[in-house]
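S.K.: sequence? don't have it. structure:
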């Protein structure tokens, strides 16, 4: 028999992600994404769809323009609600938004035209 010790260091940390809920129309940055992005209460988020590949989405965090984030009362997560955006994101993936949620892993920062964007990678089955 070969035993493998399970240590705290061997736990895989959850990747930063954005969860969109089709029932509540809320987009939530998970705790790991809140830490990864260093989100603050005065941050705004802008969301972009790739016109050449409609399944591909990006976002940008800034303090000037975008959707206002609000911090959850009991958890270290940030969220915003936008029904039209949620519906568009679901349909772009070929999914119906009714009663479902989709997790998007947040990719590494990418620079386009001098601005930083983060790719949203859908984690669908």
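M.R.: In hand now; what should we look at? These numbers were taken from a predicted model, which means no experiment stands behind them.

S.K.: and the helix ranked longest in the chain, which residues are buried?
M.R.: When the chain is parsed with DSSP state H, its longest helix is helix 83-92. For helix 83-92, burial by neighbour count (16 or more other C-beta atoms under 10 Å) applies to 85-87, 89-90, 92. In this view, the C-beta of every residue, glycine as well, is placed from N, C-alpha and C.

S.K.: can you redo the residues you listed as TSV with distance to residue 119 and pLDDT?
M.R.: Converted to TSV, the buried residues of helix 83-92 look like this (distance: C-beta to C-beta, whole Å; pLDDT from 0 to 100):
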residue	distance to residue 119	pLDDT
85	16	96
86	18	96
87	21	95
89	13	95
90	18	94
92	14	94
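
S.K.: ok, those vs residue 5, which is closest?
M.R.: residue 89 (41.7 Å; C-beta to C-beta).

S.K.: what separation do you get for the closest one and residue 2?
M.R.: As judged by C-beta to C-beta, to the nearest Å, residue 89 and residue 2 stand 45 Å apart.

S.K.: what segments of this structure are helices?
M.R.: 31-37, 83-92.

S.K.: quick one on the thing from earlier: so how far is the longest helix of the chain from its chain's centroid?
M.R.: Centroid separation for helix 83-92 versus its chain: 14 Å, with C-alpha atoms, centre = their mean, to the nearest Å.

S.K.: give me the contacts around stretch 97-114.
M.R.: 15-23, 25, 33, 36-37, 57-58, 86-87, 89-91, 93, 95, 116-124 (C-beta atoms under 8 Å, 6 or more residues apart in numbering).

S.K.: list only those of the residues you listed flagged as buried.
M.R.: Buried members of the contacts of stretch 97-114, counted by 16+ other C-beta under 10 Å: 16-22, 25, 33, 36-37, 57-58, 86-87, 89-90, 93, 117-120, 122.

S.K.: give me every residue that touches residue 67.
M.R.: So residue 67 contacts 44-47, 80, 82 (C-beta under 8 Å, 6+ apart).

S.K.: re the thing from before, what sits up against the longest helix of the chain?
M.R.: 20-22, 25-27, 47, 49, 54-55, 57, 96-97, 100, 102.
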